[in-house]
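Colleague: need coordinates for the below:
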Amino acid sequence: MNSGEAGGPRAVATFPSITPLPDGDLLTTYRVGSTKDSDDETIEIRRSSDEKRSWSDAVQPFSSTLGGQCGSLKVAYVTQPEGARLVAILRLL
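Modeller: Numbers count the residues shown, from 1 in each chain. Have a look, this model is predicted:
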């Protein structure tokens, strides 16, 4: 999913999770950063509509700034309760 970019802000990808959606698609989230515990960590999301044979381009939909303070996104868990929109639980340090 993430081939990494040596020396860049996507060099390391950790803590993946995959969520099956009611329509059969799969959603994956994982953390990327220049190192495993860097200040530039953020969460990327990708979607597969063909049983993991291919994945969408990565998106970074979450801001790591809260109340004017920059942080680092550590992990995101996604679920979709029946009949509801997607819900994401984030950990920001």
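
Colleague: what's near enough to touch R91?
Modeller: 73-76 (C-beta atoms under 8 Å, 6 or more residues apart in numbering). For the C-beta atoms, the positions are set from N, CA and C on the backbone; glycine is no exception.

Colleague: likewise S64?
Modeller: 41-42, 70-73, 92.

Colleague: any chance of these in a markdown table, plus pLDDT?
Modeller: What follows is these, written out as a markdown table (pLDDT from 0 to 100):
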| residue | pLDDT |
| --- | --- |
| E41 | 90 |
| T42 | 91 |
| C70 | 84 |
| G71 | 84 |
| S72 | 87 |
| L73 | 88 |
| L92 | 79 |
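
Colleague: okay, and the beta partners of the residue nearest to S54 when sequence neighbours are not counted?
Modeller: Of all residues not flanking S54 in the chain, S48 sits nearest, at 6.5 Å (C-beta to C-beta, 6 or more residues apart in numbering). On the basis of DSSP bridges, S48 is bridged to L26.

Colleague: quick check, G8 in contact with T35.
Modeller: No - assessed by C-beta atoms under 8 Å, G8 is found out of contact with T35, at 11.0 Å.
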